[in-house]
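Chemist: Just need the structure, nothing else, for what follows:
(one chain, ligands or ions: 1)
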Amino acid sequence: MSDLLAKKIEKQSVKEKTLLRVLRGEVLESPPIWLMRQAGRYLPEYREVRGGVSGFLELCYTPEKAVEVTLQPIRRFGFDAAILFADILLLPHALGQGLTFEEGEGPKLDAIKDMGGVAGLNFERIDQHLKPVYETVKRLRRELPGETALIGFAGAPWTVATYMVEGGSSRDFVNVKKWAFARPDDFDSLIDLLVRGTVHYLGGQIRAGAEVIQLFDTWAGVLPEEEFRRFVIAPTKRIVESVKSMAPDVPVIGFPRGAGVFSEAYVKETGVDAVGLDSSVSLTWAAATLQPVCTVQGNLDPVLLLSGGKPMQQAAHRILDALAGGPFIFNLGHGILPMTPPEHVADLFRCVRGWRA
Ligand code: CP3
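Modeler: Okay, here's the model as predicted:
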């Protein structure tokens, strides 16, 4: 390689956003940080915007307001990435499923019970329905600081299907599991529709300017091994392949929450560029088993942010000591809780920025 070319590459990589660098496998002296659910009710400025709309969905579908709440945690803390403000349940909504968010109760959907319900969903509605979300992404790319990466996202098919079939959040997943176990071929047609819908939706986000994609598989951990392979790994692999063929430079972070030791097969078989770890994953195991294959992200327990202080700082240092020697993104093991004091988030940010190997 000529000296000139080497210099050019070095200059480019120094200018490139830190999140993108680690997603390409670089190890940085000071790893990037963003937090799942970094926009939300724990911030007074979010509650103010939220108070000015009729409901959560209106916030998601109003680009001006969705841009504002996406930017709030960037302005306040200076995270290395912004995540599009939207929800994983906008896709079933776009497919025609009834969806409401009741105050303090979480999402309610008109439950899909069988193939008749799947037949009632309409793929053709997706783009028209989700246009405001693409507009939010477009505006964010213009408004974000040059060093902040923009993450687009979707729910992974299994997790989205749990909400679609249960009609909301669930404790035991009896209805969706009964369907998946007893009639897996039928259930596959729902998963297939979600794979195609998700690829379409992510394509819209990427064309609008999303630079990274995260797939949230919040309920990946409730399936036995065979079904984990069929309904978590296989559909995720199809989505990753499609994203790669549309946009080879857009990295994909998979978050198979609760997957435990199945995470190894997940990273090896799906082709994700990075894996999000929940707080239960062993750091030494992740460093030895997952990090040689891909970038890892995680995994501070969000409850540590409630009291903050020494226990939070010590736990953050343990994570950094174990994982920052390889390609690593600091994050939580799950989303920020609504009762989190924002000052503790600022303290965590300083703690991660100040850490050196
Ligand atoms: O800052 C961000 O992370 C960006 C936006 C975002 C939201 N939801 C906003 C939101 C993202 C990435 C999500 C993902 C999401 N949504 C997941 C996967 C991640 C996870 O937390 O496991 C899931 C399972 C959902 C579905 C969902 N949305 C539920 C179960 C609920 C109700 C529970 C709750 O926290 O209120 C929501 C509502 C929701 N999504 C809120 C926000 C800010 C709160 C609604 C409000 O402000 O009234």
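Chemist: Tell me how many other residues surround Arg350.
Modeler: Around Arg350 sit 12 other residues, with neighbours defined as other Cβ atoms under 10 Å. Where C-beta positions appear, they are placed from N, C-alpha and C, glycine not excepted.
Chemist: hang on, isn't Phe231 packed against Val160?
Modeler: No - taking contacts as Cβ atoms under 8 Å, Phe231 lies outside contact range of Val160: 11.2 Å.
Chemist: OK, contacts around Ser263?
Modeler: With contacts defined as Cβ atoms under 8 Å, 6 or more residues apart in numbering, Ser263 is in contact with 256, 275, 277, 281, 286, 290.
Chemist: And for Leu121?
Modeler: With contact taken as Cβ under 8 Å, 6+ apart, Leu121 is in contact with 92, 95-97, 112, 193.
Chemist: how near is it to Gly197?
Modeler: When distance is defined by Cβ to Cβ, to the nearest Å, Leu121 is 8 Å away from Gly197.
Chemist: overlap in contacts of these two?
Modeler: In terms of Cβ under 8 Å, 6+ apart, Leu121 and Gly197 are both contacted by the residues Leu95.
Chemist: number of nearby residues for Glu226?
Modeler: Around Glu226 sit 10 other residues, with neighbours defined as other Cβ under 10 Å.
Chemist: Surely it is in a helix?
Modeler: Yes - according to DSSP: H, G, I helix; E, B strand; the rest coil, Glu226 belongs to a helix.
Chemist: quick thing: my sequence starts at 43, can you match it?
Modeler: Okay, residue one is now 43; in that scheme the one you just asked about reads as Glu268.
Chemist: Going by neighbour count, list what's buried in stretch 233-244.
Modeler: Of the residues in stretch 233-244, those buried by neighbour count under the rule 16 or more other Cβ atoms under 10 Å are 233, 235-244.
Chemist: show me where pLDDT drops low in this protein?
Modeler: Screening the chain residue by residue with the criterion pLDDT under 70, one finds the ranges 43-56.
Chemist: how far away is the residue most central in space within it from Arg299?
Modeler: Residue closest to the mean C-alpha point of the chain, counted by Cα atoms, centre = their mean, is Gln256 at 3.8 Å. Separation of Gln256 from Arg299 (Cβ to Cβ) stands at 12 Å.
Chemist: any shared contact partners between the two?
Modeler: In contact with both Gln256 and Arg299: Gly318, using Cβ under 8 Å, 6+ apart.
Chemist: List the single closest residue to Gly67 in space, sequence neighbours excluded.
Modeler: Spatial nearest neighbour of Gly67, excluding adjacent residues (Cβ to Cβ, 6 or more residues apart in numbering): Pro369 at 5.1 Å.
Chemist: Summarise which helices and strands the top helix by length along the chain is packed against.
Modeler: With residue count as the measure and DSSP state H as the assignment, the chain has helix 226-250 as its longest helix. Here helix 226-250 is seen to pack against helix 132-136, helix 157-161, helix 168-185, strand 191-197, helix 199-208, helix 216-224, strand 254-259, helix 276-288 when contacts are counted using 3 or more Cβ pairs under 8 Å, 6 or more residues apart in numbering; DSSP states H and E.
Chemist: Now the last one - C-alpha only, PDB.
Modeler: This file holds the C-alpha atoms of helix 276-288, laid out as PDB (Å, rounded to 0.1, in the frame of the first residue of the first chain):
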ATOM      1  CA  ALA A 276     -33.700 -18.500  10.600                       C
ATOM      2  CA  PRO A 277     -35.800 -15.300  10.200                       C
ATOM      3  CA  THR A 278     -33.000 -13.100  11.600                       C
ATOM      4  CA  LYS A 279     -30.600 -14.700   9.100                       C
ATOM      5  CA  ARG A 280     -33.000 -13.900   6.200                       C
ATOM      6  CA  ILE A 281     -33.300 -10.300   7.400                       C
ATOM      7  CA  VAL A 282     -29.600  -9.800   7.800                       C
ATOM      8  CA  GLU A 283     -28.900 -11.300   4.300                       C
ATOM      9  CA  SER A 284     -31.500  -9.000   2.700                       C
ATOM     10  CA  VAL A 285     -30.100  -5.900   4.500                       C
ATOM     11  CA  LYS A 286     -26.600  -6.900   3.300                       C
ATOM     12  CA  SER A 287     -27.800  -7.200  -0.300                       C
ATOM     13  CA  MET A 288     -29.600  -3.800  -0.200                       C
END
